[in-house]
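In: For reference, the sequence and a predicted model appear below.
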Amino acid sequence: MSQVVDYGTALALILREAAPFAVERRTLAEAGGLVLAEAVVADADLPPFDNSAMDGFALRAEGKAVAAGAEFEVAGAQVAGDEAARADGGAWEIMTGARMPEGLDSVVPVERVEVLARDGKGRPARIRLSADVQPGDNVRLRGQDVERGTTVLQPGRPVDSAAVMVLASLGVDSVAVRRRPRVAVLNTGRELVDDPRRPLASGEIRNSNGPFVSARVDAAGAELVLRETVTDEPADFLAALARALAAGADVVLSTGAVSMGRHDFVPDALRGIGADIRFHKVAIRPGRPLLFARLAGGQLYFGLPGNPASAAVGLRFFAEAALRALTGLAPERPLRMPLAAPWRKRAELRFHLKGRVELADGALRARVLHGQESFKVQPLLVANAWIVVPAESMALEAGDMVDVYAPGHAEGLKIEEVMQ
Ligand SMILES: Nc1nc2c(c(=O)[nH]1)N[C@H]1C(S)=C(S)[C@@H](COP(=O)(O)OP(=O)(O)OC[C@H]3O[C@@H](n4cnc5c(N)ncnc54)[C@H](O)[C@@H]3O)O[C@H]1N2
Ligand code: MOO
């Protein structure tokens with residue numbers, strides 16, 4: 001198929017091929033950063049028992065305040081880790097996190113108590129309250145944080161540090177997740193030089209897409225299994241592709257050689273090994289010659305155009321959509337924000353623009369940067385977001401709402417960059 005497809009069609013074709021990976025169980029230590037495949041229901045209360053929030057004395061208030069000046073014998077002591085104890089009145093010395101003695105319901109912090117007498121070991125034996133105590137003061141009730149039976153995590157949520165905190169609190173030892181996609185990167189072009197110490201010969205350039213795409217693959221939560229630079233010889237390319245598949249790649253990303261030139265061999269080379277090219281060319285700018293195929297072994301193939309911004313867009317808006325789907329993440333939804341300044345386009349294409357989210361009078365707004373040409377890399381330094389303008393919007397005014405995406409699907413907008 002070599003007909004130009006629109007963005008929606010391209011995305012639907014990708015999502016049709018990117019079926020989520022099988023569900024696996026992993027320990028919490030292994031699951032960090034992976035995406036939950038099943039909901040997690042709390043099978044315990046948090047906290048698991050009523051306990052003290054303060055070092056102090058546990059009392060029985062029984063629904064009414066205990067006034068300052070009241071005196072109590074100290075009848076026992078309870079430290080974090082002590083098992084359940086029964087109190088028959090009086091006050092119990094208690095530590096933060098210690099189980100409340102049964103029969104007591106409030107805690108007065110040690111600094112609001114006067115110790116009137118001590119026993120032979122120097123421990124408080126009699127106390128007087130120096131402040132009123134309200135019923136339930138400084139007691140953390142069983143289930144007050146998480147009630148047993150509550151669904152605490154939904155499928156599709158990454159196992160981030162917050163999820164680990166809750167799962168570990170509940171004593172969950174393993175979770176159902178999907179593994180990280182394995183990605184291989186092939187950079188095509190005889191003009192490319194990888195070794196930064198090697199002087200450039202006439203016509204040569206540095207390979208920037210290779211390091212860039214590799215870094216972004218990592219930031220997208222995938223595992224880079226191979227990166228190679230290949231010449232414009234189809235045989236070299238196919239040999240490298242075979243090594244990528246042998247390395248276990250689920251997704252292969254190539255850069256370059258997908259346009260109209262005599263050396264743009266990727267489509268034919270792929271056809272030659274039985275790949276099913278699902279689309280080649282999308283009505284977008286930059287990155288129009290983007291190619292997407294399913295290889296004979298089922299792996300997904302994205303032929304990203306060689307210009308750096310085009311490769312970046314193909315990765316961000318097409319390959320990352322596939323990476324999300326493989327791990328069970330729902331399709332991404334953009335932020336909506338007003339445009340900082342008018343912006344016009346001449347082509348009825350969907351534009352993915354290097355943009356900057358700024359803070360103005362406490363509100364966020366999005367600015368389309370200068371230097372949108374796809375060969376330019378310097379504007380990427382200033383950009384902190386992508387601004388997307390649909391094909392049909394030709395003229396936008398300041399204040400018009402636009403779709404804004406973070407630099408990568410797995411990262412939010414970097415607010416510290418916005419604030420600068
Ligand atoms: N006659 C036409 N020419 C071009 C068309 C077209 O429709 N008709 N499309 C243009 C567009 S749009 C793009 S984007 C590029 C895409 O070209 P390819 O994907 O075939 O890529 P190359 O030709 O190999 O390279 C394009 C450009 O990017 C530089 N490049 C390539 N790889 C790297 C790398 N790893 N690091 C840094 N820079 C790289 C390469 O040197 C070229 O300058 O085609 C247009 N032409
Ligand atoms: O669309 Mo190409 O991707 O302009 O450079």
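Out: Right, received. Where do you want to start? Ligands and ions are numbered 1, 2, ... in the order given.
In: CA atoms for contacts and neighbours, from now on please.
Out: OK.
In: So what touches the helix or strand hosting residue 321?
Out: Per DSSP states H and E: residue 321 is located in helix 320-327. Around helix 320-327, the neighbours that count as contacts under Cα atoms under 8 Å, 6 or more residues apart in numbering are 11, 14-15, 18-21, 34-35, 178-181, 220, 222, 330-332, 409.
In: Show the buried residues in the residues you listed.
Out: Among those, those buried by neighbour count (16 or more other Cα atoms under 10 Å) are 11, 14-15, 18, 20-21, 34-35, 178-181, 220, 222, 409.
In: I'd like to know which of the residues you listed is nearest to ligand 2.
Out: Taking Cα to the nearest ligand atom as the measure, residue 11 is the one of these closest to ligand 2, at 17.3 Å.
In: Among the buried ones among the contacts of helix 320-327, which one sits closest to residue 245?
Out: Closest approach to residue 245 among those (Cα to Cα): residue 181, at 12.8 Å.
In: Verify the stated contact: that closest one with residue 225.
Out: No - using Cα atoms under 8 Å, residue 181 is not in contact with residue 225, being 9.7 Å away.
In: So for these two, which residues contact both of them?
Out: Common contacts of residue 181 and residue 225, defined by Cα under 8 Å, 6+ apart, comprise residue 249.
In: quick revisit: output the contacting helices and strands for the helix or strand just after the helix holding residue 321.
Out: Toward the C-terminus, helix 320-327 is succeeded by strand 335-338 as the next helix or strand (DSSP H and E). Here strand 335-338 touches strand 363-368, strand 401-405, going by 3 or more Cα pairs under 8 Å, 6 or more residues apart in numbering; DSSP states H and E.
In: Can you tell me the SS state at the residue nearest to the spatial centre of the chain?
Out: Against the mean C-alpha coordinate of the chain, by Cα atoms, centre = their mean, the closest residue is residue 410 at 3.9 Å. What DSSP: H, G, I helix; E, B strand; the rest coil gives for residue 410 is coil.
In: Tell me how far it lies from residue 152.
Out: Distance of residue 410 to residue 152, given as Cα to Cα, to the nearest Å: 21 Å.
In: ok, for residue 164, nearest residue in space, not its chain neighbours?
Out: Nearest residue to residue 164 in three dimensions, chain neighbours excluded: residue 28, at 6.9 Å (Cα to Cα, 6 or more residues apart in numbering).
In: Identify the residues contacting that neighbour.
Out: 164, 167-168, 172-175.
In: Can you select the buried ones among those residues for me in ChimeraX?
Out: Buried members of the contacts of residue 28, defined by 16+ other Cα under 10 Å, are picked up in ChimeraX with:
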select :164,167,172,174,175
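In: Filter the contacts of residue 28 down to the ones in strands?
Out: The strands, defined by DSSP state E, take in 174-175 from those.
In: State whether residue 184 is indeed within a strand.
Out: Yes - applying three-state DSSP, one finds residue 184 inside a strand.
In: what number of residues lie near it?
Out: 27 (other Cα atoms under 10 Å).
In: Repeat that for residue 358.
Out: 19.
In: Run me through the strand neighbours of the helix or strand that it is a member of, direction for each.
Out: Here residue 358, judged by DSSP H and E, is contained in strand 350-360. If you go by DSSP bridges, strand 350-360 pairs up with strand 284-285 (parallel), strand 363-368 (antiparallel), strand 385-389 (antiparallel).
In: circling back to that earlier point, return the mean pLDDT over the helix holding residue 321, rounded to an integer.
Out: Mean per-residue pLDDT for helix 320-327: 98.
In: near ligand 1, which residues of the chain show up?
Out: For the chain, the residues in contact with ligand 1 (Cα under 6 Å from any ligand atom) are 187, 189, 207-210, 255-260, 264, 287-288, 305-308, 310.
In: cutoff 5 Å now
Out: 207-209, 256-259, 287, 305-307 (Cα under 5 Å from any ligand atom).
In: Out of those, the closest to residue 317 would be?
Out: Of the residues of the chain next to ligand 1, the one sitting nearest to residue 317 (Cα to Cα) turns out to be residue 287, at 10.4 Å.
In: how about the helices in the protein?
Out: Applying DSSP state H to the chain gives helices spanning 7-17, 28-31, 161-169, 209-219, 234-246, 266-272, 308-314, 320-327, 379-382, 415-419.
In: How far off centre is stretch 48-60?
Out: Its chain's average C-alpha position is 38 Å from that of stretch 48-60, according to Cα atoms, centre = their mean, to the nearest Å.
In: Could I have the CA atoms of it written out in CSV?
Out: Only the C-alpha atoms of stretch 48-60 are listed here, as CSV (Å, rounded to 0.1, in the frame of the first residue of the first chain):
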residue,chain,number,x,y,z
PRO,A,48,-4.1,-3.6,60.1
PHE,A,49,-5.0,-2.7,63.7
ASP,A,50,-5.8,0.4,65.8
ASN,A,51,-2.5,2.0,66.8
SER,A,52,-1.1,5.1,68.3
ALA,A,53,0.0,8.0,66.2
MET,A,54,2.2,9.5,69.0
ASP,A,55,4.6,8.5,71.7
GLY,A,56,2.5,9.1,74.9
PHE,A,57,-0.2,7.5,77.0
ALA,A,58,-3.3,5.6,75.9
LEU,A,59,-6.5,6.4,77.8
ARG,A,60,-10.1,5.5,77.8
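In: Now that stretch: average pLDDT?
Out: In this model, stretch 48-60 carries a mean pLDDT of 98.
In: Show the contacting residues for residue 72.
Out: 90-91, 126-128.
In: can you redo the strands paired with strand 350-360 as TSV with mean neighbour count and mean pLDDT?
Out: Output for the strands paired with strand 350-360, formatted as TSV (neighbours: other Cα atoms under 10 Å; pLDDT from 0 to 100):
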stretch	mean neighbour count	mean pLDDT
strand 284-285	23	98
strand 363-368	20	96
strand 385-389	24	98
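In: For residue 343, find the nearest of those.
Out: strand 363-368 (7.6 Å).
In: Hmm, residue 394 and residue 348 touching each other?
Out: Yes - using Cα under 8 Å, residue 348 is in contact with residue 394, at 7.0 Å.
In: Per the annotation, how does the chain divide into domains?
Out: The record's domain split for the chain, according to automatic domain parsing, is 7-21+179-327, 31-45+147-178, 51-140, 335-419.
In: and the longest one, is it in reach of ligand 2?
Out: Yes - contact between domain 7-21+179-327 and ligand 2, assessed by Cα under 5 Å from any ligand atom, occurs at 285-288, 310.
In: Good, wrapping up.
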